[in-house]
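Participant: Compute the structure for the input listed below.
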Amino acid sequence: MNLFSDTLLRDTVQYMSKPITLNPDSEFEYMVQGFTTNATLSPNSSYHLHAANEFKRGDVLMLTDNDYYIVTGDVVFERGAKYKAILDYCNYENVIIEKVKTDEIVGRQPNGAPIYKTENKIVGLFVGVFRHREVSIANNQIITVANTETILTLKDTPKARETYAINKVFTFDNVEWTVREVMTTKIGLLELRLMSV
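Facilitator: Just a heads-up that it's a prediction; the model follows:
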């Protein structure tokens with residue numbers, strides 16, 4: 001005997017939900033009705049996102065004013081009349097700023113050509129999960145050792161694929177990192193294997 005109908009569960013989720021903006025300030029921004037709950041205790045800050053309507057792995061949201069979280073779990077079908085997935089804390093943030101020329105003329109060059117005002121504009125914001133894992137085993141040496149593997153997980157977008165292509169170098173935490181491998185096996189996520197320069 002089923003005590004709860006899907007309609008009752010959906011109504012309960014709607015009642016508990018609030019509007020949540022996913023992928024804020026990007027071309028992929030959209031809203032869902034949902035709420036978050038604590039995930040199991042782990043070394044990383046994790047939550048569960050529950051929503052009445054579908055969202056996707058790789059979506060990013062802000063839980064507080066400055067803390068981004070990314071959906072790292074699969075969101076394939078409804079579970080108990082709602083969609084549910086794991087959110088992981090984004091400890092990596094890269095803001096790309098470029099000087100952009102405006103239409104405002106601020107002066108003239110000696111030959112009469114106009115000098116246009118320039119402004120700094122954010123052209124890319126990348127947030128993700130930066131982790132060191134000791135997983136790969138080197139057993140072709142005298143002593144078997146576990147090598148540290150560094151992985152950066154980001155939302156899979158065309159701009160991210162261009163910015164973090166193989167052999168691209170970027171700086172994080174005062175260390176220069178080179179992208180050695182780009183894995184796209186998890187739909188919605190880019191997993192980058194990194195090596196320090």
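
Participant: all strands of the chain, in order?
Facilitator: Ranges of strands in the chain, per DSSP state E, are 18-22, 30-38, 46-51, 60-62, 68-71, 83-89, 92-108, 114-138, 145-155, 169-172, 175-183, 189-196.

Participant: What residues sit buried inside the second one?
Facilitator: In terms of neighbour count (16 or more other CB atoms under 10 Å), strand 30-38 has its buried residues at 32-36. Where C-beta positions appear, they are placed from N, C-alpha and C, glycine not excepted.

Participant: What of stretch 190-197?
Facilitator: Buried residues in stretch 190-197, defined by neighbour count with 16+ other CB under 10 Å: 190-194.

Participant: How about stretch 155-167?
Facilitator: By neighbour count with 16+ other CB under 10 Å, stretch 155-167 contains the buried residues 155-157, 160, 163-164.

Participant: Now do stretch 21-34: distance from first to last residue.
Facilitator: 10 Å (CA to CA, to the nearest Å).

Participant: Report the contact partners of the residue nearest to K186 when sequence neighbours are not counted.
Facilitator: Excluding the flanking residues, the one nearest K186 by CB to CB, 6 or more residues apart in numbering is R57, at 6.6 Å. Each residue near R57 by CB atoms under 8 Å, 6 or more residues apart in numbering is listed here: 71-75, 85, 186-189.

Participant: ok, back up a step: most neighbours per residue, which of the strands of the chain?
Facilitator: Among those, ranked by average contacts under mean count of other CB atoms under 10 Å, first place goes to strand 68-71 (a mean of 22).

Participant: got any ranges where the chain has weak pLDDT?
Facilitator: 1-6, 8-10, 12-15, 41-44, 134-147 (pLDDT under 70).

Participant: Distance of G128 relative to L189?
Facilitator: Plainly put, G128 is 9 Å away from L189 if you go by CB to CB, to the nearest Å.

Participant: anything in contact with each of these two?
Facilitator: Counting by CB under 8 Å, 6+ apart, the contacts common to G128 and L189 are 70, 153-155.

Participant: Among those residues, give me the pair with the biggest separation.
Facilitator: By the measure CB to CB, T153 and K155 form the most distant pair in the shared contacts of G128 and L189, at 8.8 Å.

Participant: any common contacting residues for the two?
Facilitator: 70, 128, 189-190.

Participant: mind putting these in CSV, distance to G107 included?
Facilitator: Conversion of the shared contacts of T153 and K155 to CSV gives the following (distance: CB to CB, whole Å):
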residue, distance to G107
I70, 45
G128, 42
L189, 47
L190, 43
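
Participant: Out of these, which is nearest to T171?
Facilitator: Distance to T171, by CB to CB, is smallest for G128 among the shared contacts of T153 and K155, at 14.7 Å.

Participant: Would you mind naming the residues that bridge with that closest one?
Facilitator: With DSSP bridges applied, G128 shows beta-bridge pairing to Y92, L154.

Participant: tell me the contacts of it?
Facilitator: Per CB under 8 Å, 6+ apart, neighbours of G128: 70, 90, 92, 152-155.
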